[in-house]
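[1] How does the following fold in three dimensions:
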Amino acid sequence: MPANKQIANAIKKSLLKFDFTKLEERCSNEAQTRFVLIEPILEVLGYSRIDDMATEITAGWGQKNDKADIGLITKGKVPEIIVECKKYGKTLTDKEASQLNGYFINTKNSKLGILTNGIIWRFYAINEATKNSNLFEIPFLVLDFSELNDLLFENLSKFHRNNIDIIELLEEAQEFFFMQGFDNAFATELFEPSDDFIKAIFNRMHGKRMTDSVKEKIKSLINSNTIQNALIKVIEEESKNGNMIITTAEELKIYHTVKTILIHNKKIDSDRISYRDQKNSFNILVDDNNKKIICKIVSSRNKYSIEINGNKYDFNGLESIVALKKQLLDVALPYFN
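    Take a look at the predicted model:
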């Protein structure tokens with residue numbers, strides 16, 4: 001199920017004809033968003049409204065009679081992808097994802113779930129490592145139609161009816177979940193080393209007797225510049241070889257610090273704050289929307305700087321972020337009004 005360039009180009013040609021500004025004016029509620037924007041995008045992906053989009057599918061349980069908005073029929077006669085539609089621009093939170101999951105687990109033959117407000121499209125799958133039938137809480141792919149680019153078109157080509165391979169998409173999702181789990185676990189070990197991790201390092205050092213003082217010394221070294229510099233070298237080499245984007249432990253630490261500072265303000269909903277790691281910057285934003293950037297983290301020659309509203313500030317430890325509390329709030333608060 002690789003990206004298909006021919007299909008991606010056809011998708012590009014069709015989507016560039018969409019006037020999203022005018023379409024927004026016609027999307028005053030969920031039903032209109034679905035009819036005016038979401039279903040036409042699905043048509044661009046090769047799905048016929050008559051033959052391939054089953055609508056209002058019964059997906060209730062108990063005494064409920066809830067109905068899923070759209071079920072996409074990729075092969076055969078039964079829907080394999082459940083699509084939950086929301087009003088244009090509506091913030092997509094855990095609540096909406098939970099609603100999608102409820103429909104998913106009560107709809108036979110479902111393999112994937114999509115949650116969308118017409119602009120942001122979140123793709124969900126079961127995380128096999130959790131050994132349950134629920135959609136994993138984190139989407140394995142998020143597409144933003146406010147930025148039409150070749151990467152978006154290539155990703156969409158994987159879901160085109162003439163190119164889609166559900167099994168390969170599920171395998172891709174599992175790979176994403178595995179890598180994210182690894183990144184989170186590794187970052188956690190760096191920030192808060194477990195006894196097992198410390199013991200493993202001590203054994204590699206051919207140590208004979210682990211004492212509390214030795215444990216604390218190793219822990220301090222793990223949190224020191226020594227390991228940070230080693231990680232930076234690894235990341236630089238990986239980037240040279242594969243031209244890949246790698247989220248560093250330092251970037252995650254900055255993100256969590258910024259988030260902690262912001263959520264002390266009662267107007268700010270922590271669930272709406274997220275990040276996107278891009279080639280030239282690590283962006284902290286609201287609603288997973290690149291038009292709602294709070295700040296950018298930029299790395300150059302192993303040094304980080306923070307950009308807020310076009311102004312750059314040197315990063316000299318977490319204290320330098322705390323000092324920018326006012327600037328961060330000035331940018332963030334308007335997005336929560």
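
[2] any idea which helix is longest in the protein?
    Ranked by residue count and defined by DSSP state H, the top helix of the chain is helix 166-191.

[3] Buried residues in that one, which are they?
    By 16 or more other C-beta atoms under 10 Å, the buried positions in helix 166-191 come out as Ile166, Leu169, Leu170, Glu172, Ala173, Gln174, Phe176, Phe177, Ala187, Glu189, Leu190. No exception for glycine: its C-beta is placed from N, CA and C like everyone else's.

[4] Could you list the low-confidence segments of the stretch 151-300 of the chain?
    Low-confidence segments of the stretch 151-300 of the chain, defined by pLDDT under 70: 223-246, 249.

[5] which residues in it form strands?
    273-277, 282-286, 293-300 (DSSP state E, counting those that start in this stretch).

[6] Equivalent analysis for the stretch 1-150 of the chain, please.
    Using DSSP E, counting those that start in this stretch, strands in the stretch 1-150 of the chain cover 53-58, 67-72, 81-85, 112-116, 120-124, 141-144.

[7] Need the strands of the stretch 151-300 of the chain in CSV (columns: mean neighbour count).
    As requested, the strands of the stretch 151-300 of the chain are exported to CSV (neighbours: other C-beta atoms under 10 Å):
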stretch, mean neighbour count
strand 273-277, 18
strand 282-286, 22
strand 293-300, 18
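
[8] Export these as a markdown table, with columns for distance to Lys219.
    Output for the strands of the stretch 151-300 of the chain, formatted as a markdown table (distance: least, C-beta to C-beta, whole Å):
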| stretch | distance to Lys219 |
| --- | --- |
| strand 273-277 | 27 |
| strand 282-286 | 26 |
| strand 293-300 | 26 |
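
[9] By mean pLDDT, show me the worst of the strands of the stretch 1-150 of the chain.
    Sorting the strands of the stretch 1-150 of the chain by mean pLDDT places strand 53-58 lowest, at a mean of 78.

[10] Show residues contacting stretch 120-129.
    Residues from elsewhere that reach stretch 120-129, judged by C-beta atoms under 8 Å, 6 or more residues apart in numbering: 92, 97, 100-101, 104, 111-116, 132-136, 139-145, 159, 169-170, 173-174, 177-178, 181, 287-289.

[11] Can you select the buried ones among these for me in PyMOL?
    What follows is the PyMOL syntax for the buried subset of those, where burial is set by 16+ other C-beta under 10 Å:
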select buried, resi 92+97+100+101+104+111+112+113+114+115+116+135+136+139+140+141+142+143+144+145+159+169+170+173+174+177+287+288+289
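
[12] separation between the residue lying closest to Leu170 once chain neighbours are set aside and Arg301?
    Nearest residue to Leu170 in three dimensions, chain neighbours excluded: Ala125, at 5.7 Å (C-beta to C-beta, 6 or more residues apart in numbering). Taking C-beta to C-beta, to the nearest Å as the measure, Ala125 falls 39 Å from Arg301.

[13] Ser320 now?
    Applying C-beta to C-beta to Ser320 and Arg301 gives a distance of 18 Å.

[14] More neighbours: which of those two?
    Counted by other C-beta atoms under 10 Å, Ser320 and Arg301 do not tie: Ser320 has more neighbours, with 16 against 5.

[15] residues touching that one, list them.
    The contact partners of Ser320, by C-beta under 8 Å, 6+ apart, come to Ile306, Tyr313, Asp314.

[16] swap in Asp314?
    Lys303, Ser305, Ile306, Ser320.

[17] Perfect, I'm done here.
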